[in-house]
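K.L.:
just the structure for this:
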Amino acid sequence: MSDSTAPFDDRPTKPALLNGLRCRCPKCGEAPLYTKFLKVMDQCPACDEVLHHHRADDGPAYLTILIVAHIVGFAMHFMWVAIRPDPLVMALVITFGAVGLSLLMLPRLKGLIVAIQWARRMHGFGQSS
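P.N.:
Purely as a prediction, here's the structure:
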């Protein structure tokens, strides 16, 4: 159930999602969301929003695999039909591309999931601090 004393859209979803995709605090968008590659800060240094409530778990990894696999599948098909490279060259290009895309997308998708949880007041984010 939602807190009936809080305004309904005091946490707009769209700006929070954009901040999460930028790996920034979902509330203020000023401070970085992470202290390390995927370690979410316990509290935002700019706005003092408590962020340790997040429960991203395996969601970002599943989304990353889903998106990267579709991109890699299309790239493999395109390479084989249009270019016909040596199989070793194709395997190396696809491997490096998949790893690079995964490393690029994983923190952004985790930020997106943390931002959704913050905006929807999930997993303790709705409690007043």
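
K.L.:
quick one, strands of the chain?
P.N.:
With DSSP state E as the criterion, the chain has no strands.

K.L.:
can you pull the buried residues of stretch 56-71?
P.N.:
For stretch 56-71, a neighbour-count test (16 or more other CB atoms under 10 Å) marks 56, 59-60, 63-64, 68 as buried. (Glycine included, C-beta is placed from N, CA and C.)

K.L.:
narrow those residues to those in helices?
P.N.:
Those of the buried residues of stretch 56-71 mapping onto helices are 59-60, 63-64, 68, per DSSP state H.

K.L.:
which residue is nearest the centroid of the chain?
P.N.:
L109 (1.6 Å; CA atoms, centre = their mean).

K.L.:
excluding chain neighbours, what is closest to that residue?
P.N.:
In space, L109 comes closest to P60 once its chain neighbours are excluded; the distance is 4.3 Å by CB to CB, 6 or more residues apart in numbering.

K.L.:
where does this structure dip in pLDDT?
P.N.:
Across the chain, the ranges flagged by pLDDT under 70 are 1-9, 128-129.

K.L.:
what do you get if the cut-off is 50, keeping everything else the same?
P.N.:
1-2, 129 (pLDDT under 50).

K.L.:
ok, so of the ones in helices among the buried residues of stretch 56-71, who is nearest A31?
P.N.:
Nearest to A31 out of those is P60 (CB to CB; 19.7 Å).
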